[in-house]
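Engineer: Pasted the sequence and its predicted model underneath.
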Amino acid sequence: MTDLASIVDGRHPVEQGDPAADSRAFRRCLGQYPTGVTVITARHGDEVVGMAVNSFAAVSLDPALVLWSIRRESKSLDAFLGASHFAVNVLAADQVQVSHWFGSAHPERFQLAPWRPGQGGAPLLDGALAHLECRRVQVDDGGDHLILRGHVERYARYEGEPLVFSQGQYAVSQSHPNLVTQARSGSSEQPQSDGGPSFLRLLSLAHQHMSALFDAHREDLGMTVGSTRVLTRLCDGACSLDALQRATYLGWQSVEDTVMDLIQSGLALRRADGGVEITAAGRMKSEAVAQRLLEFTRQQLQGIAEQDVAAARRVFAALQQR
């Protein structure tokens with residue numbers, strides 16, 4: 001493999017190679033493509049099944065066709081293959097917990113997440129952004145997965161923001177920063193009375209800008225967003241993978257990969273009960289990131305009056321209580 005692409009645009013890949021040689025690195029590469037988060041459900045006889053899926057995709061408008069894929073080793077495979085219908089529940093931004101329940105096959109997931117039966121009895125989850133009720137029409141070979149195609153017989157769309165999954169973690173959708181220019185001219189978002197961007201837009205832009213700037217510091221310490229979040233949680237005490245997923249807003253596979261990397265680096269260790277514990281080296285690394293963050297913040301706030309910083313802190317604290 002050559003570095004021609006990196007030579008052309010002046011950038012060098014973080015990782016590259018043969019997918020067969022490192023499946024985890026290949027999965028991280030695939031994670032560069034953001035997706036929505038869905039829960040696919042079905043009923044086969046008296047059994048209801050559901051699983052969190054981000055392989056969902058539209059195929060055709062006429063006829064209305066969609067597809068998704070399921071691992072051949074999945075315990076729910078027989079039920080999905082035996083069911084006449086499946087439902088696609090597109091999750092909203094406030095349904096991370098629902099994704100956790102169905103991503104980890106929680107035994108009480110259908111008791112914890114309210115639902116009603118749709119076509120073929122497939123559960124339609126309350127609070128979803130969209131429901132697609134599909135009749136299964138075809139099953140295709142997809143390597144270690146099977147690809148299920150469905151004909152959409154009924155759909156429903158609701159107001160709200162989608163839950164997004166990107167680079168191994170949950171996220172929310174935001175308008176591109178370049179749209180601020182359009183907002184000022186009134187073509188996209190209504191500006192404030194002084195002609196500037198709205199308060200929410202300023203918050204969004206400031207967060208994106210600061211996060212992007214700090215990424216270089218995190219990488220300099222050999223850390224990622226995921227490993228930083230995991231170590232920060234482990235500093236509060238050992239916990240299970242489930243607890244790590246809930247605390248870090250990382251996907252299940254990303255949590256497992258991150259923990260494995262931390263263990264191999266000597267920053268964490270696996271306990272006899274299956275939980276994860278931080279090591280002395282991991283605590284030092286976490287403290288180094290925290291110290292770097294303090295220095296970074298101090299530098300970014302230079303030139304801003306102390307009373308303005310204090311006022312901003314009060315505003316942010318008050319907004320969290322709304």
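Structural biologist: Ah, there it is.

Engineer: so where's the stretch 51-200 of the chain shaky on pLDDT?
Structural biologist: Residues of the stretch 51-200 of the chain meeting the criterion pLDDT under 70: 175-197.

Engineer: check contacts around the residue most central in space within the chain.
Structural biologist: The geometric centre of the chain, computed from its C-alpha atoms, lies nearest to residue 170 (CA atoms, centre = their mean), at 2.1 Å. Taking CB atoms under 8 Å, 6 or more residues apart in numbering, we find residue 170 in contact with 37, 96, 99, 163-164, 249-251. C-betas here are computed from N, CA, C, even on glycine.

Engineer: any idea whether it is helix, strand or coil?
Structural biologist: With DSSP: H, G, I helix; E, B strand; the rest coil as the basis, residue 170 sits in strand.

Engineer: and it, how far is that from residue 262?
Structural biologist: Applying CB to CB, to the nearest Å, the value for residue 170 to residue 262 is 20 Å.

Engineer: what's the answer for residue 12, then?
Structural biologist: 25 Å.

Engineer: So which of those two has more stuff around it?
Structural biologist: The neighbour comparison of residue 12 against residue 262 (other CB atoms under 10 Å) goes to residue 262, with 24 against 10.

Engineer: what number of residues lie near residue 282?
Structural biologist: Look at residue 282: counted by other CB under 10 Å, it has 23 neighbours.

Engineer: Please report phi then psi for it.
Structural biologist: Here is the backbone geometry of residue 282 (degrees, to the nearest 10): phi -70, psi -40.

Engineer: gap between the closest residue to it other than its chain neighbours and residue 156?
Structural biologist: Nearest in space to residue 282, with sequence neighbours left out and distances taken as CB to CB, 6 or more residues apart in numbering, is residue 267 at 3.4 Å. Look at residue 267 and residue 156: by CB to CB, they are 46 Å apart.

Engineer: Between the two, which has more neighbouring residues?
Structural biologist: Legend: neighbour count by other CB under 10 Å for residue 267 and residue 156, higher for residue 267 (24 against 12).

Engineer: so who does residue 60 touch?
Structural biologist: Taking CB under 8 Å, 6+ apart, one finds nothing in contact with residue 60.

Engineer: again, but for residue 48
Structural biologist: 41-42, 110, 121, 123.

Engineer: how many other residues sit next to residue 90?
Structural biologist: Using other CB under 10 Å as the criterion, the residues surrounding residue 90 number 21.

Engineer: Any idea what it is bridged to?
Structural biologist: residue 38, residue 130 (DSSP bridges).

Engineer: Verify the stated contact: it with residue 127.
Structural biologist: No. Residue 90 lies out of contact with residue 127 (CB atoms under 8 Å); the separation is 10.7 Å.

Engineer: Look up how far residue 201 lies from residue 40.
Structural biologist: As judged by CB to CB, residue 40 and residue 201 stand 35 Å apart.

Engineer: Those two: which is more packed in?
Structural biologist: Counted by other CB under 10 Å, residue 40 and residue 201 do not tie: residue 40 has more neighbours, with 26 against 21.
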